[in-house]
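Chemist: sequence first, then the predicted structure, then my questions.
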Amino acid sequence: MAFAAEIEGLTGDLIEALTQTKASSDKSFLRTRDAALRAFKGNKFLRTNHFEVENSLNGLEEKFRVNNRDALADEFKARLDQLPYIPFKWYPETLQLLLELSDRPTHNTKLQDVSRICADDDEGPRLQWEDIAREDGWAQDSDIWDSINYSDESGDEIFEGGPGEESDESSHFGGDAPPGRTAQDLIINPQDNDALKAVMKQQQWKQEEPTRDPSGTVRKIGLSETQALGEVLFMLQGLSTTLFDADGAPDPAFQISNIAWQTHKSLLTTFSEAGGYIQILRGFAAQHEREPQLQALQDCVTERVRVLDRHLVYIQERLASPSDQVVVSLIAAREELTPVLEPLFKLSGVILKVQQNPTSDNFRYLELLFDESSMAQLTGNQQLYEFLARIFLECFTVYLREIRSWVEEGRLLPSDEAFFIYHGARGVPLGSLWQHRFKLRRTEDGQLLAPRFVHPAADKIYTTGKSIVILRRLGSLKFEDSRGGDQTQVLTYESICPPGFESAPFPDLFNMALGQWIDRKYTAVSAALRATIFDDAGFEASLRALHSVYLMSDGAAASSFCERLFAKLDAKDATWQNRRALTTSAQEAFAGAVDASQLSVHVDAGDGRHVSATEARSSVRAALPLIQVVYRPAWPVQMILDTQSTARYQNVFTFSLQVKRAAHALHAAKLRDDLRSEDAVNDAEMEARGLFYAARSSLVWFVDTLQTYLSTVVLIPQTARMQRELRAAPDVDGMMAAHASCAKHMTDQMCLGVKLAPLHDAILEVLDLGIQLEDARIQNAAAGVDRDGDEGMSGSGSVGYIIVLRQIKAEFTRLLRYICGALRSVARAISGEDATRWDVLADMLQPGHGEEM
């Protein structure tokens with residue numbers, strides 16, 4: 001109804017524009033509109049929208065120019081400009097039909113074809129009968145069209161007969177034929193009866209019935225060896241014969257004269273088995289197959305059977321019209337046909353295996369042909385090896401078409417059900433395009449669903465196509481990059497097995513040829529994508545921004561953010577977990593290093609609401625692990641950052657935040673704050689002061705040592721290594737692997753791995769000691785203010801303070817001893833770069849081990 005209302009409104013507008021009338025002022029308006037609507041509804045075949053055709057043609061011209069085919073675009077534009085001057089009513093329909101029939105005109109159209117068409121149009125004027133008549137002078141001779149009298153009368157006599165007069169007699173052959181002929185008069189009597197009788201005598205054995213001898217034994221119907229050979233040749237051609245039944249088995253009622261029965265049976269059985277193999281090939285070639293790969297195999301089978309048929313026809317021709325004396329022999333015919341039949345037997349075996357398992361993969365026959373070719377080469381049968389290898393490569397061309405479409409254009413053909421790459425999730429974010437848009441097709445047991453001989457190059461094929469897709473998304477795809485300078489089919493028998501390499505293993509030759517072809521495309525496309533990511537997408541700048549946030553490589557920005565956060569924690573401000581406040585603080589702090597609009601900070605909503613302000617202040621493990629930083633770089637950079645690497649970055653950020661929190665708490669107490677009343681303190685206060693500064697000195701040393709280790713031993717070397725390996729990576733997968741490896745080494749060397757969880761917990765306990773020390777100092781200072789008005793309790797507060805300091809001392813000593821021992825134990829158990837770093841950390845912490853606090 002909505003469509004009808006829209007048509008009615010548009011029709012009214014059209015009538016108003018054409019007639020300058022309105023429904024309110026002219027009564028004929030409604031009649032005109034109704035008549036127009038009836039005409040529209042009654043027209044089932046509307047004209048093609050020539051505006052859409054024009055837009056499509058203009059878009060095609062633009063596509064030519066985008067693909068660097070300016071010469072073709074110029075020729076196309078010149079012809080588009082001539083269209084309005086063509087007095088042809090149906091040119092939009094004609095051009096629409098051509099557009100629908102076109103097949104990738106951007107790549108398949110050749111400029112030389114245009115010049116060839118123009119050459120055909122400029123052949124000049126053609127010769128016509130009017131020109132000939134004018135040149136010969138008989139154009140003005142009107143008598144030339146008069147009827148001619150063919151009678152024996154004089155030419156001076158007037159011919160009164162006309163073309164309207166018909167003869168009473170029918171046309172007949174011969175001038176003396178009598179009237180009233182019958183069908184018997186048209187019978188041609190054969191002149192060579194002897195030849196006909198000879199043929200009938202030769203075929204008489206087919207009509208004979210078996211007879212019995214006086215003893216009752218059924219006699220065989222005899223036939224000559226020539227007749228038997230003719231039947232054998234017909235049977236091999238797939239024709240019906242008398243000597244062989246419908247299944248190809250020899251009829252036991254016949255026997256070749258002058259040949260023993262066993263010899264006759266052996267010869268015909270041999271040919272019968274050969275006919276069975278050939279019949280399998282003929283039956284397969286006659287099937288209706290929908291899969292392009294099986295159609296290619298059918299074409300190869302048909303061509304090879306046609307070669308056999310030509311050879312059989314040659315033998316028949318040689319026997320039917322001999323140029324010299326010919327000895328007819330079934331044994332000689334078998335020896336002559338054996339080199340032609342044996343390769344077909346192997347091919348028939350492959351077809352039989354495919355037909356016995358119709359549910360197998362469509363490329364199963366490719367694997368069988370590949371294996372049979374390799375086996376034929378190993379057995380030294382060069383003729384069979386070449387025969388099967390050529391068939392394999394011709395069939396593989398169809399499978400290679402899907403590979404070529406993927407590695408050159410990044411497109412999967414509609415018939416990609418048998419291809420090992422398929423479309424994964426649709427509508428994925430651009431940052432996940434590389435990992436989730438396309439998938440590898442695998443079996444239930446995890447095997448790649450592709451021919452075995454493609455497995456070595458499958459990863460590069462997969463990567464090359466995905467690189468084409470990413471380049472197209474980035475607008476950096478060039479035709480020469482995707483083609484890789486290779487426009488021809490390279491996987492032919494002549495290119496894979498050149499002369500002189502007959503003894504080289506066929507699998508090695510094929511893998512080398514396929515690998516080199518894929519490598520050329522893989523190298524060109526991967527290099528173009530890497531250059532685009534580094535140069536155009538600003539990958540290194542985004543990576544530095546990422547490190548400045550998560551690794552706190554920008555110390556000033558990190559300190560600014562941390563100080564604001566720690567100030568709220570110290571003040572027990574409940575707004576410390578406010579998302580907007582955290583995000584604003586982070587954006588202001590890191591504004592000089594990153595794009596602030598891509599940075600946000602929030603507290604994990606699942607657990608953050610259960611942490612009180614007091615609990616958040618008292619431990620580095622309570623609130624800081626809940627603070628989540630989210631930085632979203634450009635989507636080409638997001639492709640390199642997998643989910644696991646992002647989680648590792650978050651762990652590094654949390655650990656760095658915890659270390660800075662402990663350092664902030666330890667530096668809150670200034671040495672000069674307690675020196676103002678040095679002359680007025682008692683012995684207990686002096687002891688407490690000494691214990692406090694000893695504990696503070698040890699904890700400050702531990703935190704500073706840990707920060708030095710993290711920055712100089714782990715973060716700086718690993719980030720430099722990450723940049724080197726990312727530059728050296730051959731493709732996006734290599735960049736992802738290099739980044740993930742460096743991120744893992746980074747977290748492991750910072751003792752953030754799962755297996756080092758007890759060691760990490762011990763380090764966090766030491767960091768918590770720094771906060772406990774500051775809390776004890778604040779509580780003691782508050783208690784000191786109260787003691788100023790009550791001298792009787794002057795020593796009780798100091799005693800409790802001293803006990804807390806001694807507990808902190810003992811706990812630090814225990815934890816430090818455990819940390820050093822655990823680091824060395826883990827380093828001895830695990831060799832490698834990470835173990836070396838743990839040994840370094842243990843050596844850096846060793847000077848504080850056993851010191852008196």
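Modeler: Received the coordinates, thanks. Residues are numbered from 1 along each chain as shown.

Chemist: quick one: mean pLDDT for the helix or strand hosting residue 301?
Modeler: Here residue 301, judged by DSSP states H and E, is contained in helix 292-320. The average pLDDT for helix 292-320 rounds to 91.

Chemist: residue boundaries of the strands in the stretch 401-550 of the chain?
Modeler: In the stretch 401-550 of the chain, strands defined by DSSP state E, counting those that start in this stretch lie at 421-423, 438-440, listed in chain order.

Chemist: re the thing from before, elements contacting the helix holding residue 301?
Modeler: Helix 292-320 sits against helix 225-236, helix 261-286, helix 330-356, helix 364-378, helix 382-409, with contacts defined as 3 or more CB pairs under 8 Å, 6 or more residues apart in numbering; DSSP states H and E. Any C-beta I mention is one placed from the backbone N, CA and C, and that applies to glycine too.

Chemist: buried stuff in that helix?
Modeler: Neighbour counts over helix 292-320 (16 or more other CB atoms under 10 Å) mark 292-294, 296-298, 300-301, 304-305, 308, 311-312, 315 as buried.

Chemist: export these to TSV and tack on distance to residue 738?
Modeler: Shown next, in TSV, are those (distance: CB to CB, whole Å):
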residue	distance to residue 738
292	40
293	38
294	43
296	41
297	43
298	48
300	45
301	49
304	51
305	55
308	58
311	61
312	64
315	67
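
Chemist: helix or strand: which one has the nearest residue to residue 431 once chain neighbours are set aside?
Modeler: With sequence-adjacent residues excluded and distances taken as CB to CB, 6 or more residues apart in numbering, residue 431 is closest to residue 638, at 3.0 Å. Per DSSP H and E, residue 638 falls inside helix 635-640.

Chemist: I'd like the next helix or strand past that helix.
Modeler: helix 643-666.

Chemist: next, the angle from the helix or strand harbouring residue 560 to helix 643-666.
Modeler: Using DSSP H and E, residue 560 falls within helix 555-570. Helix 555-570 and helix 643-666 meet at an angle of 70 degrees, taking axes from the mean of the first three to the mean of the last three CA atoms, to 10 degrees as the criterion.

Chemist: other residues contacting helix 555-570?
Modeler: Defining contact as CB atoms under 8 Å, 6 or more residues apart in numbering, one finds that helix 555-570 is touched by 548, 552, 575-576, 582, 585-586, 588-590, 592-593, 613, 616-617, 623, 627, 656-657, 660-661, 664, 668.

Chemist: report the buried residues of that helix.
Modeler: 557-558, 560-562, 564-566, 568-570.

Chemist: one more: stretch 575-584?
Modeler: With burial defined by 16+ other CB under 10 Å, the residues of stretch 575-584 counted as buried are 576-577, 581-583.

Chemist: contacts for that stretch, please.
Modeler: Stretch 575-584 has contacts (CB under 8 Å, 6+ apart) with 565, 568-569, 599-603, 608-609, 611, 613, 616, 623, 626-627.

Chemist: before we move on, back to that, can you redo the strands of the stretch 401-550 of the chain as JSON lines with distance to residue 724?
Modeler: Converted to JSON lines, these look like this (distance: least, CB to CB, whole Å):
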{"stretch": "strand 421-423", "distance to residue 724": "32"}
{"stretch": "strand 438-440", "distance to residue 724": "29"}
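
Chemist: for these, give me JSON lines that also has distance to residue 356 and mean pLDDT.
Modeler: Putting the strands of the stretch 401-550 of the chain into JSON lines (distance: least, CB to CB, whole Å; pLDDT from 0 to 100) gives the following:
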{"stretch": "strand 421-423", "distance to residue 356": "28", "mean pLDDT": "88"}
{"stretch": "strand 438-440", "distance to residue 356": "29", "mean pLDDT": "89"}
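
Chemist: what's the closest of the ones you listed to residue 748?
Modeler: Set against residue 748 and scored by CB to CB, the strands of the stretch 401-550 of the chain come closest in strand 438-440, at 29.6 Å.

Chemist: chain center to that closest one: distance?
Modeler: Offset of strand 438-440 from its chain centre (CA atoms, centre = their mean, to the nearest Å): 7 Å.

Chemist: ditto for stretch 303-323
Modeler: 47 Å.

Chemist: now stretch 766-782
Modeler: Distance, centroid of stretch 766-782 to centroid of chain: 61 Å (CA atoms, centre = their mean).

Chemist: what comes up buried for it?
Modeler: For stretch 766-782, by 16+ other CB under 10 Å, it's 766-774, 776-777, 780.

Chemist: list the contacts of stretch 538-553.
Modeler: Contacts of stretch 538-553 (CB under 8 Å, 6+ apart): 533-534, 554, 557-558, 586, 590, 593-595, 599, 629, 631, 633-634, 636-637, 640-641, 649-650, 652-653, 656, 660, 715, 719, 722-723, 726.

Chemist: re earlier: quick one: which of the buried residues of stretch 575-584 is nearest residue 268?
Modeler: Relative to residue 268, and with distances defined as CB to CB, the nearest of those is residue 583, at 92.1 Å.

Chemist: let me know the pLDDT of that closest one.
Modeler: For residue 583, pLDDT reads 92.

Chemist: now it: how far from residue 635?
Modeler: Per CB to CB, to the nearest Å, residue 583 is found 21 Å from residue 635.

Chemist: then residue 653?
Modeler: Per CB to CB, residue 653 is found 22 Å from residue 635.

Chemist: tell me the pLDDT of residue 525.
Modeler: If you check residue 525, the pLDDT there is 92.

Chemist: residue 258 belongs to a helix, doesn't it?
Modeler: No: counting by DSSP: H, G, I helix; E, B strand; the rest coil, residue 258 is not found in a helix; it is coil.

Chemist: who's in contact with the residue nearest to residue 431?
Modeler: Residue 638 touches 429-432, 632, counting by CB under 8 Å, 6+ apart.

Chemist: for these, work out which two are farthest apart.
Modeler: Taking CB to CB, no two of the contacts of residue 638 sit farther apart than 432 and 632, at 12.7 Å.

Chemist: please convert the buried members of the contacts of stretch 575-584 into PyMOL selection syntax.
Modeler: Selecting only the buried entries of the contacts of stretch 575-584 in PyMOL, with 16+ other CB under 10 Å as the criterion:
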select buried, resi 565+568+569+599+600+601+602+603+608+611+613+616+623+626+627
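
Chemist: from the contacts of stretch 575-584, which two are the most distant?
Modeler: Greatest spacing in these, by CB to CB: 599 and 613 (24.9 Å).

Chemist: okay if I get the helices and strands packed on helix 292-320 as TSV plus mean neighbour count?
Modeler: Shown next, in TSV, are the helices and strands packed on helix 292-320 (neighbours: other CB atoms under 10 Å):
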stretch	mean neighbour count
helix 225-236	21
helix 261-286	17
helix 330-356	17
helix 364-378	20
helix 382-409	20
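
Chemist: okay if I get these as a markdown table plus distance to residue 838 and mean pLDDT?
Modeler: Shown next, in a markdown table, are the helices and strands packed on helix 292-320 (distance: least, CB to CB, whole Å; pLDDT from 0 to 100):
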| stretch | distance to residue 838 | mean pLDDT |
| --- | --- | --- |
| helix 225-236 | 79 | 88 |
| helix 261-286 | 67 | 91 |
| helix 330-356 | 58 | 91 |
| helix 364-378 | 50 | 93 |
| helix 382-409 | 45 | 91 |
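
Chemist: nearest to residue 699, of those?
Modeler: Among those, the nearest to residue 699 by CB to CB is helix 382-409 (59.9 Å).

Chemist: format the helices and strands packed on helix 292-320 as CSV; extra columns: distance to residue 498.
Modeler: CSV is the format used below for the helices and strands packed on helix 292-320 (distance: least, CB to CB, whole Å):
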stretch, distance to residue 498
helix 225-236, 35
helix 261-286, 30
helix 330-356, 22
helix 364-378, 15
helix 382-409, 13
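
Chemist: residue 106: which of those is closest?
Modeler: Of those, nearest to residue 106 by CB to CB is helix 382-409, at 10.6 Å.
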